[in-house]
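>>> coordinates for the following, if possible.
(2 chains)
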Amino acid sequence: MSVKARRWLAWTGAAMALALVSLSYLSPHLMLDLADRLWACF
Amino acid sequence: MRLSMAQVLWCGAAVVTLSMGIRHGFGLWLQPITMDRGWTRETFAFAMAVQNLMWGLASPFAGALADRFGAHRVLMVGGLLYAGGLALMGAAASGWLFLGGAGLLIGMAQAGTTYAVIYGVIARQVDPSKRAWAMSVAAAAGSFGQFLMVPVDSWLIASQGWQNALFLLALAACLIVPLAFGLREPAVAPAAAAARQSIRAALREAFGHRSFQLLTAGYFVCGFQLAFIGVHMPSYLKDHQLGPEVATVALMLIGLFNVFGTYGVGVMSQRWAKARLLSAIYFLRGVAIVAFITLPLSPWSVYLFAAVMGLLWLSTVPPTNAIVAQIFGPQYMSMLGGFVFLSHQVGSFLGVWLGGRLYDSTGSYDVVWWLAAALGLFAAVVNLPVRDAPVVRAPQRVPA
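Down below sits the predicted model:
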């Protein structure tokens, strides 16, 4: 595999990982859970 | 002979992802642990405060041990301490045991498994022309770990219960041990070992160096601002009648933009003067804080502030450490990085504590916000005269 292809693969993998984690934050269950826990601290 | 850069980066990034990620979600355990054990929040909060102080206090020692006996040994011990601390955190039936696990053990473990130790390996094993970039990859991995672990922790607590979630994280921390083998550095040649600078000489040299003093002062501000914002911003938003979902989205935006900011600044550090970049980061933080507290507050202003602060969040880490490596060389990089980080943690402690103290005495966060902005400008100014030219040492006599 060429260096360019490997670089593209790495960037694509990183972008997908970030997108997936971002999406997980937007799931209603997690949002509610996090909000409850955050607010419970104050 | 050096380790390959890919090996250093993969193993270093994986270790930092685990160590920074696991600690980032600890706040999620506050409610279940205190409710289940019948403890006050102070018990939990005190252990977390001790953990942060311990992380800072142990960093120079962990760094010195890594420089002297090898980073892989310190990483292995750190990984085991991390696992032990997490297991004790889950099993502790008394506040004192909880303090020992969550505060002391995990604090020491963090000192042995985070940036200072990994950066020592990077400084020694990666070519100086790519050092800042390599440090930014490791820092971005830590940022990603923080971003990743909040939803993972939340899911683990919900599906496995808080105690099992901690035991599973303890197993995850054990992965640091095999990863440490990938960072086992080749032995130093006997002639080079004999010419090593002593620890005392290295400390005298660093603490007498103006740029080291200025960098350390700037890093204090970094810790102050991040800890204050991280801990007190949700409360500030609540005071201004913004919903909890705003704080959650802000948390996500900080985490996401932190990854981009940390990596981006590392790339920029390859081309531009690192001290100027640091100065710009602190200046922009000050400007962002002033804009945030003076413009009308709305969910969108919070999101914009979170994105900007996310970009600037851990972006100070690669250039600060790269400058230390550039001035003093890689031999005591971990120890000197540990001392700079100690200043960061003292700043963190004061940011959290003063935030609460001044809120109680004045009834608002206004004073601390302005203080954080003023400190940003102070750090911007003190980083301007930082020079990263390597120190010139008198040649040492090497025994024949």
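>>> identify each buried residue in the helix or strand B:Ala201 falls within, please.
B:Ala201 belongs to helix B:199-207 when assigned by DSSP states H and E. Within helix B:199-207, the residues that count as buried by 16 or more other CB atoms under 10 Å in any protein chain shown are B:Ala202, B:Leu203, B:Glu205, B:Ala206. (Glycine included, C-beta is placed from N, CA and C.)
>>> quick one: mean pLDDT for it?
Rounded to a whole number, the mean pLDDT of helix B:199-207 is 93.
>>> CA atoms of it as CSV?
Provided in CSV are the C-alpha atoms of helix B:199-207 (Å, rounded to 0.1, in the frame of the first residue of the first chain):
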residue,chain,number,x,y,z
ILE,B,199,19.8,15.1,37.7
ARG,B,200,20.9,17.8,40.0
ALA,B,201,22.7,19.6,37.1
ALA,B,202,19.7,19.2,34.9
LEU,B,203,17.4,20.7,37.5
ARG,B,204,19.8,23.6,38.2
GLU,B,205,20.1,24.3,34.5
ALA,B,206,16.3,24.2,33.9
PHE,B,207,15.2,26.2,36.9
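>>> still on that earlier bit, out of the buried residues of helix B:199-207, who's nearest chain A?
Nearest to chain A out of the buried residues of helix B:199-207 is B:Ala206 (CB to the nearest CB; 35.0 Å).
>>> my read: the closest one touches B:Leu336, true?
Yes - if you go by CB atoms under 8 Å, B:Ala206 and B:Leu336 touch, sitting 5.3 Å apart.
>>> shared neighbours of the two, anything?
Common neighbours of B:Ala206 and B:Leu336, using CB atoms under 8 Å, 6 or more residues apart in numbering or on different chains, are B:Phe212, B:Phe328.
>>> contact partners for B:Met54?
By CB under 8 Å, 6+ apart, B:Met54 lies in contact with B:Gly103, B:Leu104, B:Ile106, B:Gly107, B:Met108, B:Gln110, B:Ala111.
>>> in helices, which of those fall?
Per DSSP state H, helices hold the following members of the contacts of B:Met54: B:Ile106, B:Gly107, B:Met108, B:Gln110, B:Ala111.
>>> want to throw those into a markdown table with distance to chain A, neighbour count and pLDDT?
Below are those laid out as a markdown table (distance: CB to the nearest CB, whole Å; neighbours: other CB atoms under 10 Å in any protein chain shown; pLDDT from 0 to 100):
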| residue | distance to chain A | neighbour count | pLDDT |
| --- | --- | --- | --- |
| B:Ile106 | 19 | 30 | 95 |
| B:Gly107 | 21 | 26 | 94 |
| B:Met108 | 25 | 23 | 96 |
| B:Gln110 | 21 | 26 | 94 |
| B:Ala111 | 26 | 30 | 95 |
